[in-house]
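*Asks:* sequence and predicted structure are below.
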Amino acid sequence: MATTFLTKEALGVEQIEPALTPPSDHAVLPKRPKLGSGKARTKKREIPEGLWTKCPSCASMIFDKELDENLKVCPKCQHHFPIGSRERIHSLVETCTFEEMDADMTSVDFLKFTAYKTKLDRDRKATNLKDAVITGICKIGVHRVALGVMDFSFLGGSMGSVVGEKLTRLIERGTEGNWPVIIISTSGGARMQEGSTSLMQMAKTSAALAYHAQARLPYLSVLTNNSYGGVMASYAALGDLILAEPAAMIGFAGPRVIKDTTHADLPPGFQTSEFLLDHGLIDAIVPRKEMKEQFVKYLDYLDAGGNPVLPK
Ligand SMILES: [Zn+2]
């Protein structure tokens, strides 16, 4: 019996030429990588997050470690990034001399203001701070100083009852101890979630500073980016010496509000520390890296011959 081959021709099906010559049996084909395997992914330059920071002023990419070592100042253009209060204290005081005051004082949501408690909890967790200022007694050079440092990362450095009370106690302790007071400010202003209680802090801190001044003790106020609102309208503007970091924005209301209110064009550089130095509101601009050295120098001048004895 003849065998019938069922070829395509025999079946009347049109033969189609393959587009490519089929490889011989001996040809070695590269193995197709399995989908999802590590090798299949295209190699691309991956920059891990948190290693580099782009400078908003000169657009340089700065290695975070370098930025930390440089006290959060851009090594290329000297732009001053925000710095945490603990980091700043560490850069200013003599090792192991900082005795923190009222470390556990916390705000209470007495007005039941919308989302205030949630925001307090969020910032406490994120910053590991209890509120927007750290206060304590320390040594800077040979000088014992009552030092307060604000932190913008806690609710925009806003001044509520805790900030006001901690600073007032610090100033009073400075007066009792015959010590100079230094307050480094950064704030968006009074804390609206605490209503008029926030505004009362302006009078309280100012009164404490008046007693400190009566005792003829020096008070140095340092303004850093941003220093606005109720803080600028009280203790931050009352220094015997008012210093500022370069290019810090300083004022009561912001430039946009002033422009809208006055309907006038604002001069270039309005509200920067350089502008305010030219117009006499501040006494000196001190770069962050020179701050400690300058504090020692100023305190040497102001404290020359020891604390003055007041005539009775
Ligand atoms: Zn820069």
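*Replies:* Looks like it arrived, so ask away.
*Asks:* low-confidence stretches in the stretch 201-312 of the chain?
*Replies:* Scanning the stretch 201-312 of the chain for pLDDT under 70 picks out 304-312.
*Asks:* how does it look with 90?
*Replies:* Within the stretch 201-312 of the chain, the segments meeting pLDDT under 90 span 303-312.
*Asks:* quick check, central residue of the protein?
*Replies:* Centroid-nearest residue in the chain: P82, 3.1 Å away (criterion: Cα atoms, centre = their mean).
*Asks:* quick one: the closest residue to D265 other than its chain neighbours and the ion, what's the gap?
*Replies:* Residue nearest to D265 in three dimensions, not counting chain neighbours: K259, with 7.5 Å by Cβ to Cβ, 6 or more residues apart in numbering. (Each C-beta comes from the backbone N, C-alpha and C, glycine too.) For K259, the distance to the ion equals 28 Å [Cβ to the ion, to the nearest Å].
*Asks:* count the residues that sit near K259.
*Replies:* Around K259 there are 14 other residues, counting by other Cβ atoms under 10 Å.
*Asks:* that's a helix at it, yeah?
*Replies:* Yes - secondary structure assignment places K259 in a helix (DSSP: H, G, I helix; E, B strand; the rest coil).
*Asks:* what's the per-residue pLDDT of the residue nearest to the centre of the chain here?
*Replies:* With respect to pLDDT, P82 scores 97.
*Asks:* thought it was touching F152?
*Replies:* Yes - using Cβ atoms under 8 Å, P82 makes contact with F152 at a distance of 5.5 Å.
*Asks:* shared neighbours of these two, anything?
*Replies:* Jointly contacting P82 and F152 under the rule Cβ atoms under 8 Å, 6 or more residues apart in numbering are T186.
*Asks:* the ion contacts on the chain?
*Replies:* With Cβ under 5 Å from the ion as the criterion, the chain meets the ion at residues C55, S57, C58, C74, K76, C77, H79.
*Asks:* try 6 Å
*Replies:* Residues of the chain lying close to the ion (Cβ under 6 Å from the ion) are C55, S57, C58, S60, C74, K76, C77, H79.
*Asks:* narrow the residues you listed to just the buried residues.
*Replies:* Buried members of the residues of the chain next to the ion, counted by 16 or more other Cβ atoms under 10 Å: C55, C74, H79.
*Asks:* which one of those residues is nearest P218?
*Replies:* Set against P218, the nearest of these by Cβ to Cβ is H79 (30.1 Å).
*Asks:* the closest one is in contact with E245, isn't it?
*Replies:* No - when contacts are counted by Cβ under 8 Å, H79 is not listed as touching E245 (10.6 Å).
*Asks:* Throw the buried ones among the residues of the chain next to the ion into JSON lines and include secondary structure, thanks.
*Replies:* JSON lines is the format used below for those (three-state DSSP):
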{"residue": "C55", "secondary structure": "coil"}
{"residue": "C74", "secondary structure": "coil"}
{"residue": "H79", "secondary structure": "coil"}
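*Asks:* can you put these in TSV and add pLDDT?
*Replies:* Formatted as TSV, those follow (pLDDT from 0 to 100):
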residue	pLDDT
C55	97
C74	98
H79	98
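*Asks:* what ranges does the stretch 201-312 of the chain have for its helices?
*Replies:* With DSSP state H, counting those that start in this stretch as the criterion, the stretch 201-312 of the chain has helices at 229-232, 255-262, 273-278, 291-302.
*Asks:* relative to S91, which of those helices is closest?
*Replies:* Nearest of those (Cβ to Cβ): helix 291-302, 6.7 Å.
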